[in-house]
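S.K.: Following is a predicted model, sequence given first.
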Amino acid sequence: MSLACWSFADPLAAAPDEQSHLIHAYALDHGIFGFPTTPPSKVNVDVTVPMSLYYSAIYPICWHQNPKVAATCSAPWPTSSLPETLPIYVDHYPPLYYLVVGTATYVSHERSGIYMMRLISCFMGAFMLAIAAYAIARWSRRRSLYMAMYVALAPEAYFLSSSVTPSGFEIMTAISLWTLVAIFALEQRDDPPRELVVLLGVVASVLGLIRGVSPLWVFLAGLTLVFLAGPRQLVEQVRTRRDLQIASGAIVVSALLATTWIFTQGTLNILPVGAAVPKNASMFTVIHIVSSYIQGWLREMVGILGWLDTELPGYVYQSWYTIVIGVLVVALWRGNWRERVVVASLTAMVVLIPLALVARQAKVLGVVWQGRDTMPLAVGAVIMAAAVCGAPARRRARRAAQRFDPQLRRQVARVTLVGIVAALAVANMFAFYTNLRRYAVGRYGSKFFFLHAQGWSPPTGQFATLLVYGLVTAALAGVLMIWIWFSPAPDDSLTALERIR
């Protein structure tokens, strides 16, 4: 329901590249193939679609990248079915996501059909989150994983998952995968349940087929699982268990299919639209220039909405930064050496991987990366760190905590996790309100626009949409807090394996 509220609170084509994504989804499901542009391009192709879809490329021009302008400047959406031709730049992307969301256009290719595409995208993301929540409830005793899932759901994740773009589904699927990896590697590695193995195989296979860089995130998640579970033990389990063999085989086949598509279709080819880098610059200079964008990428991962034109209130960013840094620090203090290596490595790669990928082609393409491109890895760092935080205390942490009453320590842990969820729920409400206000009356318009129905309004109405989102956000946060408060604490006694490690 939260995602559905976001899907109505944004004007159509409000998300980055959404018009190209929805046109490609329509074309793919209706057997419309792109043809070369003039002049030819490695990225763009021309497609012919009904005017009602073609208009998505024109509709946001007057307000996108200009947060002071409300969405009321756009002309009414046409209903004409006359064919129009336009270029798109996502025709070479993996087709899985588009084939699913494009089914809505069999019902309508007008505004209602586009909203249906958004709702299908919402359902796909929510389904992946449901898998993660189910896995925690079924196989984990670490309360912190409930909190981790909520931390991973930054406003940017809500915004993208409620739009027609594979980025949102990639992020939601990554949240599910990293949650399953954390449970498998940290709690169920000795005898992983068959259902957990099946879910892990399915989710990893799906993630690898979503975007061009998705197989890299699957590889890193797999590497994390192998490192934490122990290569020898895992190999022995795969040799003796049919379910692990099938899951591993499915992931490998998915990776091969994804790799084949990516390199035969040129998925990694992108338009040179990034910030320019001097052609004669040294590699040191290029790295210095690209590194100046890192802070912006981190901010985008919390949420710079729209076409990177809608900043959120400072409280939103401060909440996520404080909580994520705190989780990482606690994980590095509490974890064993394997867990520390994983948390530190994933955190470092959130910065180093985009830095390396962008610097390598910056002279040709410019600085083209965005924070959303790294989010499938960033949520993994947060989830793994939170899972480590929720583990039974290791020897050093136990000695430091002996001066405190065990019951008091458990109570403090509960209160902390519940407080984090409550703080992020408030931040999410601020983000949603800010986003709706930006489109209704502009970034600096009336703060109480919803009381007078001023400016642009979503199909569900301004006040009703805000009210429903507030109630749903409060309900979701409440359920998570109840789960955290009443779920059993992990056993504080050290197992033999933990003592050895």
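M.R.: Done, it's in.

S.K.: Please point out which parts of stretch 197-216 sit buried.
M.R.: Buried residues in stretch 197-216, counted by 16 or more other C-beta atoms under 10 Å: 197, 199-216. Yep, even glycine has a C-beta here, placed from its N, CA and C like the rest.

S.K.: cool, and stretch 359-371?
M.R.: Within stretch 359-371, the residues scored as buried using 16+ other C-beta under 10 Å are Ala359, Gln361, Ala362, Lys363, Leu365, Gly366, Val367, Val368, Trp369, Gln370, Gly371.

S.K.: tell me the pLDDT at the third one?
M.R.: By that I understand Ala362. As predicted, Ala362 sits at a pLDDT of 87.

S.K.: list the contacts for it?
M.R.: By C-beta atoms under 8 Å, 6 or more residues apart in numbering, Ala362 lies in contact with Gly274, Val277, Val286, Ile289, Val290.

S.K.: Tell me, how many residues neighbour the nearest residue to Pro95 once chain neighbours are set aside?
M.R.: Distances taken as C-beta to C-beta, 6 or more residues apart in numbering put Leu28 closest to Pro95, at 5.9 Å, once the chain neighbours are dropped. Residues within reach of Leu28, counting by other C-beta atoms under 10 Å, total 21.

S.K.: returning to what we had before: among the buried residues of stretch 359-371, which lie within helices?
M.R.: Ala359, Gln361, Ala362, Lys363, Leu365, Gly371 (DSSP state H).

S.K.: Where is the longest helix in the chain?
M.R.: In the chain, with assignment by DSSP H, the single longest helix is helix 406-441.

S.K.: For that helix, the averaged confidence score.
M.R.: Per-residue scores along helix 406-441 average to 88.

S.K.: Arg189: which of the contacts of Ala362 is nearest?
M.R.: The nearest member of those to Arg189, counting by C-beta to C-beta, is Val290 at 38.0 Å.

S.K.: Now the closest one: which helix or strand?
M.R.: Taking DSSP states H and E as the definition, Val290 sits inside helix 283-291.

S.K.: Same check on Asp46?
M.R.: Counting by DSSP H and E, Asp46 is part of strand 45-50.

S.K.: contacting residues around the closest residue in space to Glu110 that isn't next to it in sequence?
M.R.: Nearest residue to Glu110 in three dimensions, chain neighbours excluded: Ser52, at 4.6 Å (C-beta to C-beta, 6+ apart). Shown in contact with Ser52 (C-beta under 8 Å, 6+ apart): Trp77, Pro78, Thr79, Ser80, Ser81, His109, Glu110, Arg111.

S.K.: Look at Ser52 and tell me its secondary structure.
M.R.: At Ser52 the chain is in helix, as set by DSSP: H, G, I helix; E, B strand; the rest coil.

S.K.: Per-residue pLDDT of the residue nearest to Val350 when sequence neighbours are not counted, please?
M.R.: Once flanking residues are discounted, Val350 sits nearest to Ala378: 4.9 Å by C-beta to C-beta, 6+ apart. In this prediction, Ala378 carries a pLDDT score of 96.

S.K.: Report the central residue of the chain.
M.R.: With distances taken as C-alpha atoms, centre = their mean, the chain has Ile171 as the residue nearest its mean C-alpha position (2.4 Å).

S.K.: ok, now how distant is it from Gly390?
M.R.: Look at Ile171 and Gly390: by C-beta to C-beta, to the nearest Å, they are 22 Å apart.

S.K.: What of Leu332?
M.R.: From Leu332 across to Gly390, the span is 14 Å (C-beta to C-beta).

S.K.: More neighbours: which of the two?
M.R.: Neighbour totals were compared for Leu332 and Gly390, and Gly390 leads with 27 against 16 (other C-beta under 10 Å).

S.K.: and the contacts of Ala362 as a markdown table, adding distance to Ala413 and pLDDT?
M.R.: Formatted as a markdown table, those follow (distance: C-beta to C-beta, whole Å; pLDDT from 0 to 100):
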| residue | distance to Ala413 | pLDDT |
| --- | --- | --- |
| Gly274 | 44 | 78 |
| Val277 | 47 | 85 |
| Val286 | 45 | 90 |
| Ile289 | 43 | 92 |
| Val290 | 40 | 92 |
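
S.K.: coming back round to it: let me know whether the residue nearest to the centre of the chain touches Tyr158 as I believe.
M.R.: No - using C-beta atoms under 8 Å, Ile171 makes no contact with Tyr158, being 9.8 Å away.

S.K.: Could you list the residues in contact with stretch 298-307?
M.R.: 10, 14-16, 60, 64-65, 67, 154-156, 159, 296, 308, 310-312, 316-317, 320-321, 370-372, 374-375, 378, 431, 435, 438.

S.K.: from these, which would you call buried?
M.R.: For those, buried by 16+ other C-beta under 10 Å: 10, 14-16, 60, 64, 67, 154-156, 159, 308, 310-312, 316-317, 320, 370-372, 374-375, 378, 431, 435, 438.

S.K.: from those, which ones fall inside helices?
M.R.: Counting by DSSP H, the buried ones among the contacts of stretch 298-307 contribute 155-156, 159, 316-317, 320, 371-372, 374-375, 378, 431, 435, 438 to helices.

S.K.: Closest one to Arg340 out of those, please.
M.R.: Of all these, Ala378 has the smallest distance to Arg340: 18.2 Å, by C-beta to C-beta.

S.K.: Make sure that closest one is actually in contact with Val351.
M.R.: No - Ala378 lies out of contact with Val351 (C-beta under 8 Å); the separation is 9.7 Å.

S.K.: buried stuff in stretch 215-230?
M.R.: 215-218, 220-222, 224-225, 227-230.

S.K.: Equivalent analysis for stretch 442-449, please.
M.R.: Gly442, Arg443, Gly445, Phe449.

S.K.: likewise stretch 71-84?
M.R.: For stretch 71-84, a neighbour-count test (16+ other C-beta under 10 Å) marks Ala71, Thr72, Ser74, Pro78 as buried.

S.K.: For Val415, state which of the residues you listed is nearest.
M.R.: Ala71 (41.8 Å).

S.K.: what's near enough to touch that closest one?
M.R.: By C-beta under 8 Å, 6+ apart, Ala71 lies in contact with Pro11, Ala14, Pro60, Trp63, Tyr439, Ala440, Gly455, Trp456.
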